[in-house]
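Engineer: Prediction below, plus the sequence it came from.
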Amino acid sequence: MRPDDANIVGNVHGGTILKMIEEAGCIIGTRHCNTQTGDRCVAALARVERTDFLHPMFIGEVAHVSAEITYTSKHSVEVQVNVLSENIVTGAKKLTNKAALWYVPFSLQNVAKIIEVPPIEYSGPEQEEAGKKRYEAQKLERLETKERNGEIIMSVSLPEPYTVAFSQSSLIHLIGPSDCTLHGFVHGGVTMKLMDEVAGIVAACHCKTNIVTASVDAINFHRKIKKGCVITISGRMTFTSNKSMEIEVLVDADPLVEAEKGKYRAVTAFFTYISLDKDNKPLPVPPLKVSNAELKCTVI
Amino acid sequence: MRPDDANIVGNVHGGTILKMIEEAGCIIGTRHCNTQTGDRCVAALARVERTDFLHPMFIGEVAHVSAEITYTSKHSVEVQVNVLSENIVTGAKKLTNKAALWYVPFSLQNVAKIIEVPPIEYSGPEQEEAGKKRYEAQKLERLETKERNGEIIMSVSLPEPYTVAFSQSSLIHLIGPSDCTLHGFVHGGVTMKLMDEVAGIVAACHCKTNIVTASVDAINFHRKIKKGCVITISGRMTFTSNKSMEIEVLVDADPLVEAEKGKYRAVTAFFTYISLDKDNKPLPVPPLKVSNAELKCTVI
Amino acid sequence: MRPDDANIVGNVHGGTILKMIEEAGCIIGTRHCNTQTGDRCVAALARVERTDFLHPMFIGEVAHVSAEITYTSKHSVEVQVNVLSENIVTGAKKLTNKAALWYVPFSLQNVAKIIEVPPIEYSGPEQEEAGKKRYEAQKLERLETKERNGEIIMSVSLPEPYTVAFSQSSLIHLIGPSDCTLHGFVHGGVTMKLMDEVAGIVAACHCKTNIVTASVDAINFHRKIKKGCVITISGRMTFTSNKSMEIEVLVDADPLVEAEKGKYRAVTAFFTYISLDKDNKPLPVPPLKVSNAELKCTVI
């Protein structure tokens, strides 16, 4: 576990552990589903059961991740994963996490086709029975969640295409150790890379094509950003010509833990993007629809 | 240049190039400001002048980045950086970028102290004169931008602390090659890591302390997410007890280039976080203020 | 060098340096083999000669990697690489590493075809003669290692402290797109970095202190590893002296999806580590307890 896997105090992020769990599950699931003749396949994650983080893991500890297939239905595989943390200096080992994941194998030849899963052998009929119960329970829950989510998407009202609001995007990023200089302040280059990422997403949202950075206007770094800050990088289309798009990108920093310092604007810039077809030839850019309310804002 | 440095068509991101430029500028700037006795220092980026991307760079090409100090004032350094792309298979070389960056050296002993910059020798008085003009011009522009940005921050009205709106956060991420399986679909583990990141930021925004993941409720992967999609991961506090916070995290995918497919909800989950003091002991969580309007929403 | 390139005490991992060395070697080797008409090609790493880590490198230092072609046979290129560390704050520069690597150019049109290498000009006949000797010597050693690796690995016993079994460790990694060359085969440097990581864990398990890479014996790349393979990197302590530990690292590749091809041994090497106290002073290494059963094994 490295500094970037953890927060400022040294606790490894739950997300880092979840990622390792899934990697182990994917490997064992894919391996199992390829132990038969027929289409080659890849196991895709369908569901993770509720999981608790039993003990914190710290920077410098070694994580041991072990996985086992515990149930197979016709089209799905259940994998149980255990995570142990080992302090290799003291020798202490702790169980930090137990998780159960469900995978579905998709054919490599035909991405939409689900493969039949070769059955496993159970140590006894109770094991098979218990597995079947878990399978039925998760199937039911998945169905319910799906329905609930179907409803929500219906109710979302999107802004009109080609308006400023339609392509407006923002990204939050927690400043980690490897983003920083010896001083503990973020590298300008790291900030610029994220700013370009947001500008690129705004440009791609607007014209739905392949886009590339054509130029960047002067970038001013008003205030430094410290390790542990959360930065919000927001981009919005400010101008389009037939050939290019101009996007304003703002970086605001929030020193979460030193809350008394408050949020502040740290960096500002304008990026220019062009739209390209598949042969890297320029494409015309759809004109930006600007409302009256937005026109007033553009003075800023 | 690797697959992760580029978009799906193989064009290297402008942001990747900007990051290399700044790295070169920071190294040469820091080295120059330490060529004297006295405090050791690190060069912090203050401004990047307007820069054009003259030619695209592609995956597999080698980037040559060269930097030179072209002007020094009492407290700042101007660095000019050139970027060449080399195709090591065909031997073709192209100038892809020219940039000018301004750095200010800060003391390593006292982070707030700016160091005096040792002067460089100019090849002639015209070079020095031209440098001085660039220096004055950028100084003026920086001042103007600063004023404009002072105004904006004043006018931002923040939601009240401890409400749902106050800690609500979202993150956009462009699915790149190394996020994906052989199939070209994102690894479940990558998505979960980003979901935990957003949930963690929501939790930290709410209680302004060190926080850790305590558990994750069942995560359902409703639909697969393809390489090149932009995903929006949004988190909001749904419940607090004295000891923990529950955060709902939603993942929506937008297949930018295949726009006809539309945006869809791909993954949903609930994360539970606890707040810790500096000795990893649990802290009480400030109660969530829920307005009437929001109560209606919580059925979702 | 960033925090993620180093261990907790700030020493840059030997694996990070090996990866940079290989990157430089691959660029110069590929460039040289494409200076003629005919098939375009990519240089694949075949062997790294024994290399010593002369000085530690630390976070915040700048690494200067320079490479030169020193011998060419009909089908292989020898590249010598030097690594200097520069502390840009104090100005101190140190030679940290000298390495010799052998590359074989494979056609981009036909992955199985080896290209003829254009000859280089030597500064004198002695240079050419010395190069030829190095070439013959490594060819012989490669053959011997290949034979030895035909034998199969023995079974594992129980973990008593300071035994081989106690510190034995292994790591699995799924080869993703950003680990690979244009060919779709893993970069030698990526493999070496993971090998150093496993060797480091074995060394730390054994002596429970801060450890650093002191040298690496010749590394032989027997077979290429394709994108999508799962590799198992296993390390075990083979010898200890008062001052150092020798760890054997084996890389086995499993082409999950093309299961009929079977698992195969791809790379082998010996790493030497030393144990350090908090001031980077060498510490004595606890002697390795070797059982009779294991003694028989060490023939491998």
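Structural biologist: Looks like it arrived, so ask away.
Engineer: secondary structure element for A:Thr70?
Structural biologist: strand A:62-72 (DSSP states H and E).
Engineer: what residues does the stretch 101-250 of chain A put near chain C?
Structural biologist: A:Leu108, A:Pro177, A:Ser178, A:Cys180, A:Thr181, A:Leu182 (Cβ under 8 Å from any Cβ of the partner chain). All C-beta atoms are positioned from the backbone trio N, CA, C, and that covers glycine.
Engineer: right, and the second one touches A:Lys227 too?
Structural biologist: Think A:Pro177. Yes: the pair A:Pro177 / A:Lys227 is scored as a contact, 6.5 Å apart, by Cβ atoms under 8 Å.
Engineer: mind listing the strands in the stretch 151-300 of chain A by residue range?
Structural biologist: Assigned by DSSP state E, counting those that start in this stretch, the strands in the stretch 151-300 of chain A fall at A:169-174, A:210-216, A:219-221, A:230-240, A:245-254, A:264-276, A:282-283.
Engineer: Select the longest helix from chain A.
Structural biologist: For chain A, the longest helix by residue count, based on DSSP state H, is helix A:125-155.
Engineer: interface residues of the stretch 201-300 of chain A facing chain B?
Structural biologist: Checking the stretch 201-300 of chain A against chain B by Cβ under 8 Å from any Cβ, the hits are A:201, A:204-205, A:208-210, A:212-222, A:224, A:230, A:254, A:256-257, A:259, A:263-265, A:268-269, A:271, A:276, A:278, A:280, A:300.
Engineer: how about a cut-off of 7 Å?
Structural biologist: Contact residues, the stretch 201-300 of chain A versus chain B (Cβ under 7 Å from any Cβ of the partner chain): A:201, A:204-205, A:208-210, A:212-222, A:224, A:230, A:256-257, A:259, A:264-265, A:268, A:280, A:300.
Engineer: now the stretch 51-200 of chain A
Structural biologist: A:51-53, A:56, A:106, A:108, A:111, A:141-142, A:145-146, A:149, A:152-153, A:169-172, A:174, A:181-183, A:185, A:187-190, A:192-193, A:196-197, A:200.
Engineer: Just the buried residues from these, in PyMOL please.
Structural biologist: Here is the PyMOL command that selects the buried residues among these (16 or more other Cβ atoms under 10 Å in any protein chain shown):
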select buried, chain A and resi 51+53+56+106+108+142+145+149+169+170+171+172+174+181+183+185+187+188+189+190+192+193+196+197+200
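Engineer: in chain A, which residue is closest to the centre?
Structural biologist: A:Gly15 (10.0 Å; Cα atoms, centre = their mean).
Engineer: any idea how far the closest residue to that residue other than its chain neighbours is from chain C?
Structural biologist: Nearest in space to A:Gly15, with sequence neighbours left out and distances taken as Cβ to Cβ, 6 or more residues apart in numbering or on different chains, is B:Asp196 at 3.0 Å. Going from B:Asp196 to chain C by Cβ to the nearest Cβ, to the nearest Å gives 19 Å.
Engineer: ok, B:Asp196 touching A:Ile17?
Structural biologist: No: the pair B:Asp196 / A:Ile17 is not scored as a contact, 8.7 Å apart, by Cβ atoms under 7 Å.
Engineer: Where does pLDDT dip in chain A?
Structural biologist: By pLDDT under 70, the weakly predicted segments of chain A are A:148-158, A:257, A:259-260, A:291-300.
Engineer: the domain parsing of it - what is it?
Structural biologist: A:3-155, A:164-297 (automatic domain parsing).
Engineer: Leaving out chain neighbours, which residue sits closest to A:Ile223?
Structural biologist: No Ile there; residue A:223 is Arg. A:Ala266 (4.9 Å).
Engineer: how many neighbours does that neighbour have?
Structural biologist: Other residues near A:Ala266 number 21, with proximity taken as other Cβ atoms under 10 Å in any protein chain shown.
Engineer: which residues of the stretch 1-150 of chain A fall in strands?
Structural biologist: Applying DSSP E, counting those that start in this stretch to the stretch 1-150 of chain A gives strands spanning A:41-48, A:51-52, A:62-72, A:77-86, A:93-107.
Engineer: List the contacts of the fourth one.
Structural biologist: The one in question is strand A:77-86. A:17, A:20-21, A:24-25, A:28-29, A:32-33, A:43, A:55, A:57, A:61-71, A:93-103, A:117, A:131, A:134-135 (Cβ atoms under 7 Å, 6 or more residues apart in numbering or on different chains).
Engineer: That strand pairs with which strands?
Structural biologist: strand A:62-72 (antiparallel), strand A:93-107 (antiparallel) (DSSP bridges).
Engineer: where's A:Leu54 relative to B:Asn210, distance?
Structural biologist: For A:Leu54, the distance to B:Asn210 (Cβ to Cβ, to the nearest Å) stands at 19 Å.
Engineer: neighbour count winner among these two?
Structural biologist: B:Asn210 (21 against 14).
Engineer: got the contact list for that one?
Structural biologist: A:Asn7, A:Val9, B:Leu276.
Engineer: Spit out the contact partners of the first one.
Structural biologist: Read that as A:Asn7. A:His13, B:Asn210.
Engineer: what are the phi and psi angles of it?
Structural biologist: phi -80, psi -180 (degrees, to the nearest 10).
Engineer: again with the second one
Structural biologist: In this entry, A:Val9 is assigned phi and psi values of phi -80, psi -10 (degrees, to the nearest 10).
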